[in-house]
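Student: I would like to see how this sequence folds:
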Amino acid sequence: MKKISRRNFVGNSALTAIGGAAMFTGNHKKREMKNVFVHHVFFWLKNADSKDDLNKLIAGLKKLSAIKTIQQFHIGKPASTSRSVIDGSYQVSWFTLFANKADQDSYQTDPVHLQFVEACNTLWNKVVVYDTVDM
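Tutor: Numbers count the residues shown, from 1 in each chain. You can find the predicted model right below:
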């Protein structure tokens, strides 16, 4: 057995305790999202196998994330799930949360968004948007 100093033992124990405590913070609690506007966009690329086109779209979406009214965002790709109700035919999804419809409306006319559409619209042949609000 390797000999360990008291200082290393205490230091390692503290790190382990902090890591364990982090696992049990609010990150694992389920909570309903209320009073948000969800904007979820799915993109089908014209050249679905083009890494260059994919990277251009992702770079454009990352620039969009700078818009101040976006509370949170996620850039995704189809998960490796296969059930009859799943449509995994798209290449990229753009999921954003806004505080309200007015913030989402502002996003639509923001110069950064307009520049994104102008710069990237030649990359896709289909876009589907799902906007949702609280029930």
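Student: if I look at the closest residue in space to Leu45 that isn't next to it in sequence, how far off is Asn47?
Tutor: Residue nearest to Leu45 in three dimensions, not counting chain neighbours: Gln91, with 4.7 Å by CB to CB, 6 or more residues apart in numbering. Glycine gets a C-beta too; all of them are placed from N, C-alpha and C. Relative to Asn47, Gln91 is positioned 10 Å away (criterion: CB to CB, to the nearest Å).
Student: With Val133 instead?
Tutor: 35 Å.
Student: Spit out the contact partners of Gln91.
Tutor: The neighbours of Gln91, taking CB atoms under 8 Å, 6 or more residues apart in numbering as the test, are Phe43, Trp44, Leu45, Ala48, Leu54, Leu57, Lys77, Pro78.
Student: go on, Lys63?
Tutor: If a contact means CB under 8 Å, 6+ apart, then Lys63 has Val112, Gln115, Phe116 as its contacts.
Student: Now, those residues that are in strands?
Tutor: The subset of the contacts of Lys63 located in strands under the criterion DSSP state E is empty.
Student: Beta-bridge partners for the residue nearest the centre of the chain, please?
Tutor: The residue at the geometric middle of the chain, judged as the C-alpha nearest the mean C-alpha position with CA atoms, centre = their mean, is His74 (0.6 Å). Following DSSP bridges, His74 is listed with bridge partners Phe95.
Student: check contacts around it.
Tutor: Residues touching His74, when contacts are defined by CB under 8 Å, 6+ apart, comprise Ser93, Trp94, Phe95, Thr96.
Student: Leaving out sequence neighbours, find the closest residue to the second one.
Tutor: Nearest in space to Trp94, with sequence neighbours left out and distances taken as CB to CB, 6+ apart, is Val41 at 4.3 Å.
Student: In contact with that neighbour, which residues are there?
Tutor: Taking CB under 8 Å, 6+ apart as the definition of contact, the neighbours of Val41 are Ser93, Trp94, Phe95, Val127, Val128, Val129, Tyr130.
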